[in-house]
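In: Fold the stuff below for me.
(one chain, ligands or ions: 1)
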Amino acid sequence: MPTRDMYHLDLNREKIRGARIVLLPGDPARSPLIAGKIAEQYGMPRPQRPLAYNREFCTYLATVKGMPVLVTSTGIGGPSTAIAVDELAQLGVQTFIRVGTTGAIQDGIAIGDIVLTSGSVRLDGASTQYAPIEYPAVAHHEVLAALIEAAKSLTPALGCRYHVGITCSTDTFYQAQERTDSFARYIPRRFQGMTEEWRRLRVLNYEMESATLLTMCNAFGLRGGCVTGVIGSRTADEQITPEALKLGQDHAIAVAVKAVELLIRADGG
Ligand code: URA
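Out: Here you go, the predicted structure:
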């Protein structure tokens, strides 16, 4: 009997062919890009169409070392990420790797560098609906180890560095990341000076999905991790250029795909 279709993702167990690992970009346009890169890298035909594409959730099925691997976009932020993670978990997915972009807040982190999140400051809202705020949003040790090994092996050839540490994960791109180039040009008092405080607390970067993802994975007993490519340096310039976006995105994807291969190997696949 066919299994139930997931309401938002428009996926069911038949469609995903037993995939246990998912790569989670934010942007739906990155799903075919990632699936295409995987196909190219592992000598498979490029997937012609998504398995499903509903709202911001665009899913492709790829194959890494003979194992099915999903690529599902989450959209931006916690609420849509929570929907994607929940519905994928219902279908039996056990390992979730966010692959995205980020703004660095420390000196010494350059455009194109890789940030591997060991844990996230939970400045989102969605994760608080899964676990109290005292609960840590930490990466799973096996996923983080695979990401570190992947980054170590690839970054010399990519011409960038990788950094492992704490990420600040927010619900807003402008206000909570203390950007003044917003419509209001006003930062609510709660966030004024916070970038400097996070800097002093050795937080590396800002992004918008890892707090929700990592909290949920820990709460559900699943494996979660997050790799992001640096597209903006908040210590240098507020602007994000198309070149920086491509560099950060491509480097993060390369590391994420390699980490998937390492996890499949370590899992005995
Ligand atoms: N994503 C974010 O959330 N912030 C940035 O500065 C860049 C990407």
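
In: Can you name the next helix or strand after the strand or helix carrying K37?
Out: Per DSSP states H and E: K37 is located in helix 30-41. The first helix or strand that comes after helix 30-41 along the chain, using DSSP H and E, is strand 52-54.

In: Check which helices and strands that next one sits against.
Out: strand 57-64 (3 or more CB pairs under 8 Å, 6 or more residues apart in numbering; DSSP states H and E). C-beta: built from backbone N, CA, C; applies to glycine.

In: So I111 sits against D237, correct?
Out: No. With contacts defined as CB atoms under 8 Å, I111 does not count as touching D237, sitting 9.3 Å away.

In: neighbour count winner among these two?
Out: I111 (21 against 11; other CB atoms under 10 Å).

In: Kindly confirm my reading that the more buried one forms part of a helix.
Out: No. Counting by DSSP: H, G, I helix; E, B strand; the rest coil, I111 falls outside a helix, being coil.

In: Whichever residue of the stretch 1-150 of the chain sits closest to the ligand sits in which helix or strand?
Out: The stretch 1-150 of the chain approaches the ligand most closely through G103 (2.2 Å), counting by CB to the nearest ligand atom. Per DSSP H and E: G103 is located in strand 95-104.

In: How many residues are close by the residue of the stretch 1-150 of the chain closest to the ligand?
Out: So G103, with other CB under 10 Å, has 24 neighbours.

In: For it, list each beta-bridge partner.
Out: Assessed by DSSP bridges, G103 has beta-bridge partners Y206, G232.

In: That one is in contact with L204, isn't it?
Out: No. Between G103 and L204 there is no contact under CB under 8 Å: 10.1 Å.

In: Now do stretch 184-197: everything it contacts.
Out: Stretch 184-197 is contacted from outside by I105, Y174, Q175, A176, Q177, E178, T180, R234, using CB atoms under 8 Å, 6 or more residues apart in numbering.

In: again, only this time at 10 Å
Out: 103, 105, 121, 123, 168, 170, 172, 174-180, 201, 203, 206, 234-235 (CB atoms under 10 Å, 6 or more residues apart in numbering).

In: Going along the chain, name the helices of the protein.
Out: Per DSSP state H, the chain carries helices over the ranges 13-16, 30-41, 78-90, 141-158, 194-200, 210-220, 242-266.
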